[in-house]
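Asker: Here is my input; please provide its structure:
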Amino acid sequence: MNNLYADGKLVIGIDHGYGNMKTRNVVFKSGVKSYSEEPAVATNVLQLDGIYYVIGESHKVFIANKDEDDDYYILTLAAIAKELEIRGLRSADLILAVGLPLHWMSKQKSSFRDYLMRRPEISYRYCGKYYHIRICDVAIYPQGYAAIAASLSDYKGVHMLADIGNGTMNTLVITNGRPLSDKKFTDKIGVHECVKHIMNEVQAECGKIPDESIIEDFLINGTSDVSERIQNVMRREAVRYTEMIFDKLSEYEYDSELVKLHIIGGGGCLIKNFGDYDISSVEIIEDICATAKGYEELYNSQYLARKGA
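Answerer: Next up, the predicted model:
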């Protein structure tokens, strides 16, 4: 357990993904459904202001602005509760370290901070337990970049970072440890695009509509407990998706003989299981919580720098 404090306030890194919410210690689906009465059978329920929110039974639909609705605020409260539960806490003063897609940072940073700090002090229940928190500050960093920021000094030559999430792929070019501000890209070609294609093709060729969980398990593990006929369709579409990813990276001047590629995010498992790549020039960072951890580490390094440590 790594408890990070700044001036007595607990620092919690949260990666607000379209597919999954990630903190240092937990991962859960980024779905939210609200009810006016307590659901009879749901387990992950957050209660706030008389409304019951069921957390994590589905993924979030892609939206360009994460503060467009209340979902990510509710998901943030759930993520905080999960981290406090692990630490045996029910109340805390907090600093949140979070991120936004690279290309949207400048336009959305201020509004996303205001969104997460809309109620600096708040009480709610999650999984039947009462929590009381104060959100004292929110620090926002470039999504994906945070996962490798601590090791940038080791990045000699030309490197490319590809953060493949459920909704987007964020790409950043790094030269001799220096991120290039004019070579950052955000594309709506996240893993959910692959899932949709697989679902459509299985329905068209096999007359079946697989549950998303079957497809997700197949993409993560490279196999699934379904017929070989359906697996063949899923495998073909997964391969096509990885080809599309490398085609897009080539547009951004990726060349395996000249550039070291670093892949993070949930899409890394697709590249590992279905991609055709040179393993000597591609690093797949398999820790899905790496970005959330990176947010905390970035905040800590800045905090220590301010303190002159």
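
Asker: Give me the buried positions along the helix or strand hosting residue 197.
Answerer: Counting by DSSP states H and E, the element that carries residue 197 is helix 191-206. For helix 191-206, the neighbour count (16 or more other CB atoms under 10 Å) marks 191, 192, 193, 194, 195, 197, 198, 199, 201, 202 as buried. Every C-beta, even on glycine, is put in place using the N, C-alpha and C of the backbone.

Asker: what about the helices in the stretch 201-309 of the chain?
Answerer: 212-221, 228-251, 268-274, 290-307 (DSSP state H, counting those that start in this stretch).

Asker: Low-confidence stretches in the stretch 1-150 of the chain?
Answerer: 1, 59-64 (pLDDT under 70).

Asker: for it, what spans make up the strands?
Answerer: Using DSSP state E, counting those that start in this stretch, the strands found in the stretch 1-150 of the chain span residues 5-6, 9-13, 15-16, 20-22, 27-29, 32-35, 45-48, 51-55, 91-100, 121-126, 129-142.

Asker: Take these and lay them out in CSV including mean neighbour count.
Answerer: Below are the strands of the stretch 1-150 of the chain laid out as CSV (neighbours: other CB atoms under 10 Å):
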stretch, mean neighbour count
strand 5-6, 16
strand 9-13, 23
strand 15-16, 27
strand 20-22, 25
strand 27-29, 19
strand 32-35, 15
strand 45-48, 18
strand 51-55, 20
strand 91-100, 22
strand 121-126, 16
strand 129-142, 18
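
Asker: now those in a markdown table, with distance to residue 297?
Answerer: A markdown table is the format used below for the strands of the stretch 1-150 of the chain (distance: least, CB to CB, whole Å):
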| stretch | distance to residue 297 |
| --- | --- |
| strand 5-6 | 12 |
| strand 9-13 | 8 |
| strand 15-16 | 13 |
| strand 20-22 | 14 |
| strand 27-29 | 18 |
| strand 32-35 | 28 |
| strand 45-48 | 28 |
| strand 51-55 | 26 |
| strand 91-100 | 9 |
| strand 121-126 | 26 |
| strand 129-142 | 10 |
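
Asker: Low-confidence stretches in the stretch 201-309 of the chain?
Answerer: Where the stretch 201-309 of the chain drops to pLDDT under 70, the residues are 309.

Asker: Is the residue nearest to residue 101 when sequence neighbours are not counted part of a helix or strand, or is it coil?
Answerer: Of all residues not flanking residue 101 in the chain, residue 186 sits nearest, at 4.6 Å (CB to CB, 6 or more residues apart in numbering). Under DSSP: H, G, I helix; E, B strand; the rest coil, residue 186 falls in the strand class.

Asker: Measure how buried residue 186 is and give me the count.
Answerer: Residues near residue 186, counting by other CB atoms under 10 Å, number 21.

Asker: quick thing: my sequence starts at 29, can you match it?
Answerer: Got it, first residue is 29 now, which makes that one residue 214.

Asker: Might one say that it is in contact with residue 134?
Answerer: No: using CB atoms under 8 Å, residue 214 is not in contact with residue 134; the gap is 11.9 Å.

Asker: Need the residues touching each of the two.
Answerer: Both residue 214 and residue 134 lack any common contact, where contact means CB atoms under 8 Å, 6 or more residues apart in numbering.

Asker: quick one, what contacts the closest residue to residue 137 other than its chain neighbours?
Answerer: Once flanking residues are discounted, residue 137 sits nearest to residue 168: 5.0 Å by CB to CB, 6+ apart. Listed by CB under 8 Å, 6+ apart, the contact set of residue 168 reads 126, 127, 128, 133, 137, 140, 141.

Asker: any idea how far residue 168 is from residue 47?
Answerer: Distance, residue 168 to residue 47, using CB to CB, to the nearest Å: 20 Å.

Asker: Report the buried residues of stretch 275-285.
Answerer: Buried residues in stretch 275-285, counting neighbours by 16+ other CB under 10 Å, are found at 276, 277, 280, 282.

Asker: Cheers, nothing more for now.
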